[in-house]
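Asker: Kindly generate the corresponding structure for this input.
(one chain, ligands or ions: 1)
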Amino acid sequence: MKDKNLLLHLGDFCKKFDVYLQLWSKNSNFPDRLINSISYINSSGGKRIRPFIVCQTANLFGVNFKKSIAAAVSIEMLHTYSLIHDDLPSMDDDDLRRGKKTLHKKYDEATAILTGDSLLTESFLLLAMNYGDKNPNMCVNLSLHLAKSAGGEGLVGGQILDLYPEKKTFKSMTKMQFMKTGELISCSAAFGAILGNASKKDYDNMILFGDKIGRAFQITDDLLDLSGNVKVLGKKTKKDKKQGKLTLVDFKGVDKSKIIAQQYIQEAIELLSKYGKKSNVLVDLSNYIINRSI
Ligand code: GRG
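Answerer: Below is the predicted model:
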């Protein structure tokens with residue numbers, strides 16, 4: 001029942017959010033081909049979990065949608081770039097994403113690379129344009145956090161380790177997965193604290209909250225890859241096995257992996273308890289992260 005409420009809430013958010021995403025991820029000075037490729041990828045669906053986390057965590061600190069939306073769009077643009085590049089032939093080589101053709105299949109490889117490059121670059125421009133004048137300190141903090149989560153210590157580093165593992169141990173696998181998936185989810189929660197000028201304690205709390213749900217998100221992703229439905233998921237399944245990639249499930253088994261994900265979510269929910277009723281939506285979102293089928 002709570003999942004149903006959350007999905008209604010998330011659905012309403014997506015409707016409002018997508019208007020800004022379409023508006024801010026491109027402009028009329030871009031070449032038509034780029035405008036079209038960005039429009040295509042933006043309208044291909046996506047759960048919008050990261051921007052939802054930004055706006056909901058910002059709300060904990062009294063920040064409204066109007067002030068948090070640019071940061072939320074910035075994170076989603078960066079996330080979209082990472083999906084486009086991950087699908088490329090030189091990386092995961094996928095032809096299906098969100099139930100539609102991947103960008104390089106719809107257009108070509110060069111267009112897909114450049115569309116990703118544009119979204120990555122413009123995500124930082126968006127932060128500068130929306131927060132730079134009004135609050136330079138906040139803008140620096142948002143940019144710093146996003147750059148660290150997206151660069152060699154985060155997404156890009158995680159992707160390198162995924163393609164070229166240094167070791168095949170449990171520790172290195174979990175580290176790689178957190179860099180690839182967890183860092184940006186944790187950054188989304190940190191954004192809420194930064195936007196709300198939260199105390200250091202609350203900032204650390206949000207990072208930890210994001211860390212826990214990020215880990216649970218990845219485990220659920222691995223479980224869905226194993227047993228999910230291609231039509232529902234909108235992407236190919238059983239890829240980890242085919243590509244010889246190790247996941248938590250290989251080390252712990254399906255049942256134990258589900259228990260571990262559940263434990264992370266329990267710990268995440270405990271971190272929200274100090275915010276009272278204001279955090280109800282985030283509690284529901286945390287539960288949804290492990291119950292989702294897409
Ligand atoms: C290319 C720098 C670079 C990084 C790629 C995104 C990524 C790193 C890899 C994608 C592979 C993958 C399936 C990772 C698992 C977690 C993940 C990021 C899933 C996709 O996120 P969702 O489920 O996607 O939020 P939607 O489509 O809902 O936006």
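Asker: Near the ligand, which residues of the stretch 151-294 of the chain are found?
Answerer: Counting by C-beta under 6 Å from any ligand atom, the positions of the stretch 151-294 of the chain adjacent to the ligand are Leu155, Val156, Gln159, Lys180, Thr181, Gln218, Asp221. In short, each C-beta sits where N, CA and C put it, glycine included.
Asker: among the residues you listed, which ones are buried?
Answerer: Neighbour-count burial within those applies to Leu155, Gln159, Lys180, Thr181, Gln218, Asp221; the criterion is 16 or more other C-beta atoms under 10 Å.
Asker: Over to stretch 38-50 now: how far is its first residue from its last?
Answerer: Stretch 38-50 has its terminal residues 19 Å apart, counting by C-alpha to C-alpha, to the nearest Å.
Asker: hang on, the earlier thing: what two of the residues of the stretch 151-294 of the chain next to the ligand are the furthest from one another?
Answerer: Among those, the pair separated by the greatest distance (C-beta to C-beta) is Val156 and Asp221, at 18.7 Å.
Asker: which residue is nearest the middle of this protein?
Answerer: Arg50 (4.5 Å; C-alpha atoms, centre = their mean).
Asker: Which strands and helices lie in contact with the longest helix along the chain?
Answerer: The longest helix of the chain (DSSP state H) is helix 200-227. Contact analysis of helix 200-227 by 3 or more C-beta pairs under 8 Å, 6 or more residues apart in numbering; DSSP states H and E lists helix 49-60, helix 170-177, helix 183-195, helix 239-242, helix 248-252, helix 254-272, helix 280-291 as its packing neighbours.
Asker: rerun that using 6 Å as the cut-off
Answerer: helix 183-195, helix 254-272, helix 280-291 (3 or more C-beta pairs under 6 Å, 6 or more residues apart in numbering; DSSP states H and E).
Asker: buried set for it?
Answerer: 202-203, 205-226.
Asker: State the mean pLDDT of that helix.
Answerer: Summarised as a single mean, pLDDT over helix 200-227 is 95.
Asker: gap between it and the chain center?
Answerer: Its chain's C-alpha centre and that of helix 200-227 lie 10 Å apart, by C-alpha atoms, centre = their mean, to the nearest Å.
Asker: sorry, back to before: now, among the buried ones among the residues of the stretch 151-294 of the chain next to the ligand, which is nearest to Leu195?
Answerer: For these, the nearest to Leu195 is Leu155 (21.2 Å; C-beta to C-beta).
Asker: In contact with that closest one, which residues are there?
Answerer: Ser82 (C-beta atoms under 6 Å, 6 or more residues apart in numbering).
Asker: Now whatever helix or strand Ile75 lives in: average pLDDT?
Answerer: Counting by DSSP states H and E, the element that carries Ile75 is helix 65-86. On average, the pLDDT along helix 65-86 is 98.
Asker: Could you do stretch 47-58 as well?
Answerer: So the average pLDDT for stretch 47-58 ends up being 98.
Asker: List the buried residues for it?
Answerer: Buried, per 16+ other C-beta under 10 Å, within stretch 47-58: Arg48, Ile49, Arg50, Pro51, Phe52, Ile53, Val54, Cys55, Gln56, Thr57, Ala58.
Asker: Up against the ligand, what does the stretch 1-150 of the chain have?
Answerer: Gly46, Lys47, Ile49, Ser82, Leu83, His85, Asp86, Arg98.
Asker: Check those residues against Phe170 and report the nearest one.
Answerer: Asp86 (23.1 Å).
Asker: OK, contacts around the closest one?
Answerer: Asp92.
Asker: now the stretch 1-150 of the chain, which segments are flagged as low pLDDT?
Answerer: 1 (pLDDT under 70).
Asker: just the helices in it please.
Answerer: 2-24, 32-42, 49-60, 65-86, 103-106, 109-131, 136-150 (DSSP state H, counting those that start in this stretch).
Asker: send the alpha carbons of stretch 186-202 over as PDB?
Answerer: The C-alpha coordinates for stretch 186-202 follow below in PDB (Å, rounded to 0.1, in the frame of the first residue of the first chain):
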ATOM      1  CA  SER A 186      24.600   9.400  -2.000                       C
ATOM      2  CA  CYS A 187      25.400  12.700  -3.700                       C
ATOM      3  CA  SER A 188      21.700  13.200  -4.300                       C
ATOM      4  CA  ALA A 189      21.000  13.000  -0.600                       C
ATOM      5  CA  ALA A 190      24.000  15.300   0.200                       C
ATOM      6  CA  PHE A 191      22.600  17.800  -2.300                       C
ATOM      7  CA  GLY A 192      19.500  18.100  -0.100                       C
ATOM      8  CA  ALA A 193      21.700  19.000   2.900                       C
ATOM      9  CA  ILE A 194      23.800  21.500   0.900                       C
ATOM     10  CA  LEU A 195      20.700  23.200  -0.500                       C
ATOM     11  CA  GLY A 196      19.300  23.500   3.000                       C
ATOM     12  CA  ASN A 197      22.500  24.800   4.600                       C
ATOM     13  CA  ALA A 198      22.200  21.900   7.000                       C
ATOM     14  CA  SER A 199      24.600  21.400   9.900                       C
ATOM     15  CA  LYS A 200      27.700  19.200   9.400                       C
ATOM     16  CA  LYS A 201      25.900  16.500  11.500                       C
ATOM     17  CA  ASP A 202      22.900  16.500   9.100                       C
END
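Asker: No further questions, thank you.
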